[in-house]
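Undergrad: need a 3D model of the following:
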Amino acid sequence: MATSTLIVNLWFVMQDQTIALTLCLSMCAAYGLQLGSDHGPLYRLYNDLLEHYKPYIRPRKNPNETVEVVVSYSMASVEALEETTQTVDSSGFLTLQWTDDLLTWNSNEYGGTDYINIPMEKLWFPDLSLTNGLDDLSLILPIGEKARVTSNGSITWFRDLKKRTKCSLDMRHFPFDTQTCSINLIQWVADIRQVNMTAGIVVIEPSLFQRNGEWEITGNSKDTFLHTYSGNIIQTEIEFTFIFKRKYLYYIITNILPVMFLSVLNLGVFLLPPESGEKVSLCISIVLSYAVFLSVIGGRLPEVSDTVSIFSIYLLTMMFLKVATTLITVFVLKVYHQTTEEAYSHSKCLTRRQIQDNFKTDYEQESKLVKQRTPLKKTNTQLAKYLNMIGFTIVSLLTVMITILCFALLLKEQ
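TA: Coordinates of the predicted model:
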């Protein structure tokens, strides 16, 4: 009997402990739920939006609907435009906007929250690729960015874009040239029936733009193209175009003015007397100077034959003119010295004959020699002056005409 009573008492004690434990767990659970609700409406909003969200599924409740994506671009800076490699280093910001049907909420249910910021890795985003990038594959992927999501499902993604892109340059009007370069973006996988890309705005943000010392942007535009591939796949390509104009003051000071000074100096070769012996050395020095300018200009131009710089042709023409000046100078000196030697030899023979026949004094012989040689010397000097005058006139006219024609062609598009 005592044993039965003990067992009954133990059973009641265990039942009481079970009830107490159940009450404790219920209170803890209730307290935990209360703590969860104390995180605030943002916590509940993130949980409700992303708990069952799949970033690899197009953000449409109706799978037959197309996701419309608007792509805009803001230019921030142009680091370099390389003529030899025909590339542009630029920095800017892409702005992509679309609507996600799976990320909408009633702001009144979440404390009046109208928008939130969500990491792009947790969201669906359009697949874009830079088609004219220097790299083999230039996919536009999120790297730690966040998107701005509003209560109506509108998503805005700001993506920085610092790339080196290809640009076909037209160097005919160098250094007064204007270049047109673009940034081309295309859908990588999605078809136009699934995702449709449209060009938004293209601007140069004044508060962010950093000016370049060599180039200035004078205009911009946007355009959209459709590409059809095998399998009836249609994809959209967006092109943001910028017009770059070269700041030519540096090239006027370092290239154009020195070339003009050398052209003026070349005319001084004809004014130098033949007796000085420095005419040929001056000509060669000018030719070498032009050769240096040709190598400097050639080092800045791309190694293509599609477009040839007018200024390079001008330098080559002027160098040919300097070579012609050297040949004319050599001919003038040859005529001058050859005529002098012949005159001196002829005078010497006549003088010897007179010495043998008349036996005159040394003073009379020297007087006779001077009298016979003077007319020939005058004839030689007049011929040298005449040739120098003709060479000076021809080279001067050609220099002026070639220079005017060259710069008229260079400034034709200005």
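
Undergrad: just the terminal-to-terminal distance for stretch 121-141.
TA: Stretch 121-141 has its terminal residues 9 Å apart, counting by CA to CA, to the nearest Å.

Undergrad: pLDDT on it, on average?
TA: The average pLDDT for stretch 121-141 rounds to 85.

Undergrad: the spatially most central residue of the chain sits in which helix or strand?
TA: Of all residues in the chain, the one closest to the mean position by CA atoms, centre = their mean is residue 81, 2.0 Å from it. Residue 81 is part of strand 67-82, with elements assigned from DSSP states H and E.

Undergrad: past that strand, which element shows up next along the chain?
TA: Using DSSP H and E, the helix or strand that follows strand 67-82 in sequence is strand 87-99.

Undergrad: tell me the strands beside that following strand, with direction?
TA: strand 67-82 (antiparallel), strand 154-166 (antiparallel) (DSSP bridges).

Undergrad: what about stretch 139-154, distance to the chain center?
TA: Here stretch 139-154 is found 30 Å from its chain centre; the criterion is CA atoms, centre = their mean, to the nearest Å.

Undergrad: tell me how far the ends of it are from each other?
TA: Here stretch 139-154 reaches across 23 Å from its first residue to its last, counting by CA to CA.

Undergrad: run through who's touching that stretch.
TA: Outside stretch 139-154, the residues within contact range by CB atoms under 8 Å, 6 or more residues apart in numbering are 59, 94, 97-107, 113-121, 123, 125, 127-130, 155-159, 161, 185, 188. All C-beta atoms are positioned from the backbone trio N, CA, C, and that covers glycine.

Undergrad: now with 7 Å?
TA: Residues from elsewhere that reach stretch 139-154, judged by CB atoms under 7 Å, 6 or more residues apart in numbering: 94, 97, 99-101, 103-105, 107, 114-121, 123, 125, 128-130, 155-159, 188.

Undergrad: pull out the buried members of the residues you listed.
TA: Buried members of these, scored by 16 or more other CB atoms under 10 Å, are 94, 97, 99-100, 103, 105, 116, 118, 120, 123, 125, 128-130, 155, 157, 159.

Undergrad: related to what we said a few turns ago, how many other residues sit next to the closest residue to the residue nearest to the centre of the chain other than its chain neighbours?
TA: The spatially closest residue to residue 81, leaving aside those adjacent along the chain, is residue 88, at 5.1 Å (CB to CB, 6 or more residues apart in numbering). The tally of other residues near residue 88 (other CB atoms under 10 Å) stands at 25.

Undergrad: returning to that earlier point: what about the strand holding residue 81, average pLDDT?
TA: Averaged across strand 67-82, the pLDDT comes to 92.

Undergrad: ok, stretch 402-414 next?
TA: Mean pLDDT, computed over stretch 402-414, is 85.

Undergrad: buried residues, that stretch. List them.
TA: With burial defined by 16+ other CB under 10 Å, the residues of stretch 402-414 counted as buried are 402-403, 406, 409-410.

Undergrad: these two touch, right, residue 384 and residue 331?
TA: No - between residue 384 and residue 331 there is no contact under CB atoms under 7 Å: 10.7 Å.

Undergrad: so which of the two has more stuff around it?
TA: More neighbours surround residue 384 than the other of residue 384 and residue 331, with 20 against 12 (other CB under 10 Å).

Undergrad: I'd like to know how far the more buried one sits from residue 253.
TA: As for residue 384, its distance to residue 253 is 38 Å (criterion: CB to CB, to the nearest Å).

Undergrad: redo the buried residues of stretch 402-414 as TSV? Include distance to residue 175 and secondary structure.
TA: Rendered in TSV, the data for these read as follows (distance: CB to CB, whole Å; DSSP: H, G, I helix; E, B strand; the rest coil):
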residue	distance to residue 175	secondary structure
402	18	helix
403	15	helix
406	12	helix
409	13	helix
410	8	helix
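
Undergrad: can you list those residues in a markdown table and add distance to residue 326?
TA: Output for the buried residues of stretch 402-414, formatted as a markdown table (distance: CB to CB, whole Å):
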| residue | distance to residue 326 |
| --- | --- |
| 402 | 17 |
| 403 | 20 |
| 406 | 22 |
| 409 | 27 |
| 410 | 27 |
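
Undergrad: nearest to residue 200, of those?
TA: Using CB to CB, residue 410 is the member of the buried residues of stretch 402-414 that sits closest to residue 200, with 37.4 Å.

Undergrad: quick check: the gap between the closest one and residue 317.
TA: Shown here: residue 410 relative to residue 317, a distance of 14 Å by CB to CB.

Undergrad: show me where pLDDT drops low in the chain?
TA: Applying pLDDT under 70 to the chain flags residues 1-39, 136-137, 231, 302, 304-305, 338-381, 413-414.

Undergrad: can you give me the helices for it?
TA: In the chain, the segments counted as helices under DSSP state H are 2-37, 41-50, 249-251, 257-267, 279-300, 310-358, 362-410.

Undergrad: the third one: how far from the chain's middle?
TA: If I follow you right, that is helix 249-251. Per CA atoms, centre = their mean, the centroid offset for helix 249-251 relative to its chain is 17 Å.

Undergrad: ok, and what's touching that helix?
TA: For helix 249-251, the surrounding residues in contact (CB under 7 Å, 6+ apart) are residue 175.

Undergrad: repeat that for 10 Å
TA: 174-176, 213-214, 257, 297, 300, 311 (CB atoms under 10 Å, 6 or more residues apart in numbering).

Undergrad: repeat for the second one
TA: Residues external to helix 41-50 that are found in contact with it (CB under 10 Å, 6+ apart): 36-37, 39, 100, 102-105, 107, 109-113, 116, 118-119, 122-123, 149, 151.

Undergrad: out of those, name the ones that lie in strands.
TA: 116, 118-119, 149 (DSSP state E).
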